[in-house]
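Chemist: need a structure here:
(2 chains)
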2 protein chains.
Amino acid sequence: MSDDLRMTEAELMQLAVDFLTAQGLERGHATSMASVLCAAQRDGSLSHGLQRLPGTRDTIGHPAFQKAPQLRVEQVTPAVLKVDADYGFAVHATMSALPQLIASAKALGIAFMAVRNGFHSTALWPVVEALAEAGLVGLSMNPTHDWVVPAGGTKPVLGTNPMAFAWPRPGQPPYVFDFATTAAARADIAMARNEGRAIPEGWGLDPEGQPTTDPAAVLAGAMLPFGGHKGSALATMIELMAGPMIGGLTSAASARFDEGHKAAPCHAELVIAIDPKLLSDPSDEAAAEAMLGAISGQGARLPGARRHGLRDVHQRDGIPLRHALYEQILAGIAGR
Amino acid sequence: MSDDLRMTEAELMQLAVDFLTAQGLERGHATSMASVLCAAQRDGSLSHGLQRLPGTRDTIGHPAFQKAPQLRVEQVTPAVLKVDADYGFAVHATMSALPQLIASAKALGIAFMAVRNGFHSTALWPVVEALAEAGLVGLSMNPTHDWVVPAGGTKPVLGTNPMAFAWPRPGQPPYVFDFATTAAARADIAMARNEGRAIPEGWGLDPEGQPTTDPAAVLAGAMLPFGGHKGSALATMIELMAGPMIGGLTSAASARFDEGHKAAPCHAELVIAIDPKLLSDPSDEAAAEAMLGAISGQGARLPGARRHGLRDVHQRDGIPLRHALYEQILAGIAGR
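Modeler: Numbering: from 1, shown residues only, chains lettered A, B, ... in the order given. Okay, here's the model as predicted:
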């Protein structure tokens, strides 16, 4: 790790905002996107960290992309928010409207937000963690592009369709997960290809629909869902709930919309918030703690725990950033 | 199949209601429970069908069980219903309050119902299918008993924690799934034990926390979640959302509540209903149909499709019922 720079969160944010404003993004828009990438970098979640920054140029270059999007937030019912991201980065719309979602959920016990016409939802855990920090249970999901074959099939239909969930815990970070509904992450398959390694069986099919351990064949063919027909059913649910249910594109339609620009997916995102205090009392909170403690107490790691641990370390010792990536970002700021 | 009786749905219902009222259940209570068991039998979902009827006596025999429960439905907010099943069968409370949940979801776009203090949620698909018939998207889940080890652990903490989802489709049965978040159904493991068969690796651990293919060792030890750490995370989410979030028991607490009576779990059930028309237009419905058609069109079976197919056949030709089970039910009606 001696090759890494160490930066404070503020320095990292400055760097990321400078990069994005150098690409022409309006400052608030740049700040929203920078904040989720920096949060991932801070937590050691490198695949969703600042290494995504250079690639944002492909997305920003999509003809539909808006550098200064005009967000439109409509309270459709007291429990439903419709947010138009106006073809900027989705997270800008999501984070901007989150206080209104929180207010609705606290007033009614449950509310949801449909963020439409946004590019690249990035990691979903920052959104659900923000809900948990407000004392709410958060659930979020989105379609992506149709890279994934349904269980029992041979042709891709579904997206990698991530789902994130957060549960607020007293005096410590929330219970939180954020996973793609695929057997493996697309980034891990690409890394295996770049390093000339075979991948395990069960990660994907080749373009003829046959099982393969060749990562290049899977990237040209189709990824497989996690957990067989159950994971496939869940991915289909996400496709429906965060797509047509809220007026958003399916993963197939999102891929068509890209028209070969290699932008990150333009899609909708569903965020559901629930107030866990409404129907519970302190004994319920204690029962939840006992259940989570029975998991971590036997050495079975809770999802999110590694990330929260690295967050503490990096906030104390500085956030690592690879020199080569730093130079690449500086070049982007300088317009090279 | 020549050993099977063939019955109409009305005959099957009469039989099941007679059995349950013979055990002392109030008629409406008996009818609610009979209707879900008969629906499963009608759809060829035998594990949740009338074979569950004889075992209901263990649940009815639990000292807390109420044969004539006094349901209490409280509209806590315009979007949240709290339903006290008063220690009868959960499905009686769920189905009784469903029209009020439907009205809330249609008024606000989203609503949820917390059904508490009910025994034996049975299959969840009849509930979410009923929501789909009303034009709503349905999502339901519940904890059970702590038979399941978290991924990476050796000691059971989680329930088999099923989750069901339904999406209304124009002119045909809904897209619907209902699965336990375990690698295999507990009933399938018990069947393997009864038939002296080994089970596949990955279904469970023995009482020492070691992998095993011995079904008896798994039943004495712990079941494994489906899909590794992702399935485990999902099971934990269900534990939280359908337990402490709504003032219900965790799977561990539900098992303690049983006190060795071998009753079906006494637990809470979460039912979320969403109006898919609120933010969508006919082109979204068409996109959803295209996506589902791309799955079934390549021969990858949609969950629920086999059940809906058998429903059609059995409604035409009669619903099969094994002679031995029929005799056992008649004996129960006669008080033997």
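Chemist: okay, now the unreliable bits of chain A?
Modeler: By pLDDT under 70, the weakly predicted segments of chain A are A:1-2.
Chemist: now do the helices in it.
Modeler: A:9-22, A:27-42, A:56-60, A:90-108, A:125-133, A:186-194, A:215-220, A:228-241, A:251-258, A:282-296, A:305-317, A:323-333 (DSSP state H).
Chemist: and the last one, how far out from the chain middle?
Modeler: Using CA atoms, centre = their mean, to the nearest Å, we find the averaged C-alpha position of helix A:323-333 to lie 23 Å away from the chain's own average C-alpha position.
Chemist: between that helix and helix A:27-42, how big is the angle?
Modeler: 180 degrees (axes from the mean of the first three to the mean of the last three CA atoms, to 10 degrees).
Chemist: what are the buried residues along helix A:323-333?
Modeler: Across helix A:323-333, burial judged by 16 or more other CB atoms under 10 Å in any protein chain shown covers A:325, A:328-329, A:332-333. The way it works is simple: take the backbone N, C-alpha and C, and place the C-beta from them, glycine included.
Chemist: minimum distance to residue A:169: which of the helices of chain A has it?
Modeler: helix A:282-296 (6.9 Å; CB to CB).
Chemist: name the residue of the stretch 101-250 of chain A that lies nearest to chain B.
Modeler: residue A:227 (2.7 Å; CB to the nearest CB).
Chemist: can you get me a residue count around that residue?
Modeler: For residue A:227, the count of nearby residues is 25 (other CB atoms under 10 Å in any protein chain shown).
Chemist: touching, it and residue B:230? I think so.
Modeler: Yes. Using CB atoms under 8 Å, residue A:227 is in contact with residue B:230, at 6.5 Å.
Chemist: ok, back up a step: okay if I get the helices of chain A as CSV plus distance to residue B:180?
Modeler: Below are the helices of chain A laid out as CSV (distance: least, CB to CB, whole Å):
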stretch, distance to residue B:180
helix A:9-22, 42
helix A:27-42, 33
helix A:56-60, 39
helix A:90-108, 29
helix A:125-133, 24
helix A:186-194, 28
helix A:215-220, 29
helix A:228-241, 9
helix A:251-258, 27
helix A:282-296, 18
helix A:305-317, 25
helix A:323-333, 43
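Chemist: about what we covered before: looking at the buried residues of helix A:323-333, spot the one nearest chain B.
Modeler: residue A:325 (28.2 Å).
Chemist: which residues are in contact with the closest one?
Modeler: Shown in contact with residue A:325 (CB atoms under 8 Å, 6 or more residues apart in numbering or on different chains): A:50-51, A:53-54.
Chemist: pull out the buried members of those.
Modeler: Buried members of these, counted by 16+ other CB under 10 Å: A:50-51, A:53.
Chemist: wait, which of those residues is closest to residue A:38?
Modeler: residue A:50 (7.1 Å).
Chemist: that closest one and residue A:124, how far apart?
Modeler: 18 Å (CB to CB, to the nearest Å).
Chemist: near chain B, which residues of the stretch 51-200 of chain A show up?
Modeler: Neighbours of chain B within the stretch 51-200 of chain A, by CB under 8 Å from any CB of the partner chain: A:76-80, A:82, A:107-112, A:114, A:137, A:149-155, A:157, A:165, A:167, A:175, A:177, A:179, A:181.
Chemist: buried subset of the residues you listed, written for ChimeraX?
Modeler: Here is the ChimeraX command that selects the buried residues among those (16+ other CB under 10 Å):
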select /A:77,78,79,80,82,108,109,110,111,112,114,137,149,150,151,153,154,155,157,165,167,175,177,179,181
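Chemist: now, the residues of the stretch 51-200 of chain A next to chain B that are in strands?
Modeler: A:76-77, A:80, A:82, A:110-112, A:114, A:137, A:165, A:167, A:175, A:177, A:179 (DSSP state E).
Chemist: my read: residue A:30 touches residue A:21, true?
Modeler: Yes. Between residue A:30 and residue A:21 there is a contact at 4.9 Å, judged by CB under 8 Å.
Chemist: neighbour count for those two, which is higher?
Modeler: Neighbours were counted for residue A:30 and for residue A:21 using other CB under 10 Å; residue A:30 has more, 24 against 17.
Chemist: now do the contacts for that one.
Modeler: Residue A:30 makes contacts with A:16-17, A:20-21, as judged by CB under 8 Å, 6+ apart.
Chemist: spatially nearest residue to residue A:302 (excluding sequence neighbours)?
Modeler: By the measure of CB to CB, 6 or more residues apart in numbering or on different chains, the closest residue to residue A:302 outside its immediate chain neighbours is residue A:296, 5.2 Å from it.
Chemist: what's the local residue count around the one you found?
Modeler: 14.
Chemist: tell me how many other residues surround residue A:239.
Modeler: Neighbours around residue A:239, by other CB under 10 Å: 33.
Chemist: how about residue A:307?
Modeler: Residue A:307, neighbours per other CB under 10 Å, totals 20.
Chemist: I'd say it and residue A:46 touch.
Modeler: No. Using CB under 8 Å as the test, residue A:307 is too far from residue A:46 to be in contact (10.9 Å).
Chemist: center of chain A, which residue is that?
Modeler: Centroid-nearest residue in chain A: residue A:123, 2.0 Å away (criterion: CA atoms, centre = their mean).
Chemist: now for residue A:303: which residues touch it?
Modeler: A:175-179, B:229, B:233.
Chemist: I'd like to know how far the closest residue to residue A:240 other than its chain neighbours sits from residue B:159.
Modeler: Nearest residue to residue A:240 in three dimensions, chain neighbours excluded: residue B:167, at 5.1 Å (CB to CB, 6+ apart). Distance of residue B:167 to residue B:159, given as CB to CB: 25 Å.
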